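**Q** have a look; sequence and predicted model below, questions after that.
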Amino acid sequence: MSIFDDKTAFNWLTSIYDPNSRNEALLLLGKHRQKFPDLGNVIWNSPGMVTILLQEIIKVYPYLTGNKQYLLTSEISTRICNVLVLFQCIAFDEETRNDLINSEILSYLFPFLQCPQQNNLDATFNKLDVHEKVLKSRPFEYLRLTALGVFGSFVRVDSSNVVEYLISTDLVPQCLIIMETCSELSRIVALFIFMRIVLNKKGLNYVVSSENRVLSVLNVLKGMVYNLQLPKDVQNATNDQSNNGNNPPGRTFKNILRCYLSLCDVKELRPMLRTHLPPELYHVMKNEQKSSKQTHNHKNGLKMETCLVLEHIKKEDPTVYKLQVQLFQLLGMNINS
């Protein structure tokens, strides 16, 4: 359905022009966006609409500095998240995707991608200086997650133009930092974006262009494997309350495996992959896992918690098993002996 066919929704759209009704209009449009496939196109082509949305983003910057006069609250964060959701619609629309890239508006979103204790994985990441206390707050986490959603909308469709733009920014090293240091949901979305980039030939060439970059990627992927958690119901069944995973680990693990498989396309990298692959993957695939905790001790260097998660995924998702078999075959690692 076109938004022009729904009088109520069209009124929400026009209400964005009115500062007094804008907040509610942003909320309602974002909430019902999936009903209107042309929403992104209409927003982009409505006179002054994108300028208004961009002004909303810029107005939140003082709240990121840690100044006592500007406190980033959940209400302010939610308002900007609703703005970012509409930019997701623009990014996903085939007719407006490249226009959004060419406008350089996305550069205004990068401050929302920062993390506490930022590390330099690659190039210098140009950004607004966000206060450490703000970076650790829940309202900022919502901003980070929703901003990632905008970039996620871009990469859902395989486009070399999109990937070429994204690697011209420092999005890839920033995604790696998020995958390494941020909360679970942000890590999952950043992993998806990174995976979609590395599955593209231009993106893969960018990632493998230096040994340090490849090592950074392999270390972050290994860390993500070790951060996988059993679902809550499985933890409860095993009386293990040490983790609090809410998301199915199989979905995340599949994306990790797809990253490994893409890197395997560069044959020269396969020896490096073999040495940096988490040993728990090979251990579980060879059916050496035992239920006793004594099997996984510091002597053999394996992490029991990771083995349990991988064993659970292997039983629950046949696709994961096939991807693992393919990976070990490419790496020349025999799992049948």
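**A** Structure received. Numbers count the residues shown, from 1 in each chain.

**Q** elements contacting the helix or strand harbouring Leu176?
**A** Here Leu176, judged by DSSP states H and E, is contained in helix 171-181. Counting contacts by 3 or more CB pairs under 8 Å, 6 or more residues apart in numbering; DSSP states H and E, helix 171-181 packs against helix 138-155, helix 184-198, helix 201-207, helix 211-226. All C-beta spots, glycine's among them, are computed from the backbone N, C-alpha and C.

**Q** only C-alpha atoms, please: export the third one in CSV.
**A** Think helix 201-207. The C-alpha coordinates for helix 201-207 follow below in CSV (Å, rounded to 0.1, in the frame of the first residue of the first chain):
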residue,chain,number,x,y,z
LYS,A,201,34.3,-9.1,-3.6
LYS,A,202,35.2,-5.5,-3.1
GLY,A,203,34.6,-5.8,0.6
LEU,A,204,36.7,-9.0,0.8
ASN,A,205,39.5,-7.3,-1.0
TYR,A,206,39.5,-4.4,1.4
VAL,A,207,39.6,-6.7,4.4
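
**Q** follow-up on the earlier one: now mean neighbour count too, for the helices and strands packed on helix 171-181, in JSON lines please.
**A** Below are these laid out as JSON lines (neighbours: other CB atoms under 10 Å):
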{"stretch": "helix 138-155", "mean neighbour count": "22"}
{"stretch": "helix 184-198", "mean neighbour count": "22"}
{"stretch": "helix 201-207", "mean neighbour count": "18"}
{"stretch": "helix 211-226", "mean neighbour count": "18"}
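
**Q** how about these, which one is nearest Ile167?
**A** Nearest to Ile167 among the helices and strands packed on helix 171-181 is helix 201-207 (4.3 Å), distances taken as CB to CB.

**Q** quick one: average pLDDT of that closest one?
**A** What helix 201-207 shows for mean pLDDT is 95.

**Q** same deal with stretch 101-119?
**A** Here the average pLDDT along stretch 101-119 is 87.

**Q** what does stretch 212-232 give?
**A** Average pLDDT, stretch 212-232: 92.

**Q** so how far is that stretch from its chain's centroid?
**A** With CA atoms, centre = their mean, to the nearest Å as the basis, stretch 212-232 stands 13 Å off its chain's centre.

**Q** so where's the stretch 151-300 of the chain shaky on pLDDT?
**A** 233-246, 287-300 (pLDDT under 70).

**Q** about what we covered before: distance to Ser262 added to the helices and strands packed on helix 171-181, as TSV?
**A** TSV is the format used below for the helices and strands packed on helix 171-181 (distance: least, CB to CB, whole Å):
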stretch	distance to Ser262
helix 138-155	13
helix 184-198	5
helix 201-207	6
helix 211-226	10
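
**Q** picking up where we left off before, okay, the angle between the helix holding Leu176 and helix 211-226?
**A** 40 degrees (axes from the mean of the first three to the mean of the last three CA atoms, to 10 degrees).

**Q** give the buried residues for helix 171-181.
**A** 171-181 (16 or more other CB atoms under 10 Å).

**Q** please apply the same query to stretch 75-90.
**A** Residues of stretch 75-90 classed as buried: 76-90 (neighbour count, 16+ other CB under 10 Å).

**Q** which residues touch that stretch?
**A** 23, 26-27, 29-30, 33, 39-41, 43-44, 50, 53, 56-57, 60, 63, 96-97, 100, 105, 109, 112, 139-140, 142-143, 146-147, 149-150, 152-153 (CB atoms under 8 Å, 6 or more residues apart in numbering).

**Q** again, but for stretch 195-209
**A** Contacts for stretch 195-209 (CB under 8 Å, 6+ apart): 155-156, 158, 160, 163-164, 166-167, 171-172, 175, 213-214, 217, 255, 258-259, 262-263, 265-266, 269.

**Q** picking that back up, nearest to Pro116, of the buried residues of stretch 75-90?
**A** Using CB to CB, Ser77 comes nearest to Pro116 of the buried residues of stretch 75-90, at 16.5 Å.

**Q** need phi/psi at that closest one.
**A** Dihedral pair for Ser77: phi -60, psi -40, per degrees, to the nearest 10.

**Q** who touches the closest residue to it other than its chain neighbours in this structure?
**A** Nearest non-adjacent residue to Ser77, counting by CB to CB, 6 or more residues apart in numbering: Pro139, 3.6 Å away. Pro139 sits next to 72-74, 76-77 when contact means CB under 8 Å, 6+ apart.

**Q** secondary structure class for Asp18?
**A** Secondary structure, DSSP: H, G, I helix; E, B strand; the rest coil: Asp18 is coil.

**Q** what about it, how many residues nearby?
**A** Burial measure for Asp18: 9 neighbouring residues, criterion other CB atoms under 10 Å.

**Q** ok, now how distant is it from Trp12?
**A** Using CB to CB, to the nearest Å, one obtains 11 Å as the distance from Asp18 to Trp12.

**Q** likewise Ile197?
**A** Taking CB to CB as the measure, Ile197 falls 34 Å from Trp12.

**Q** one more: Phe36?
**A** Phe36 is 10 Å from Trp12, where distance means CB to CB.
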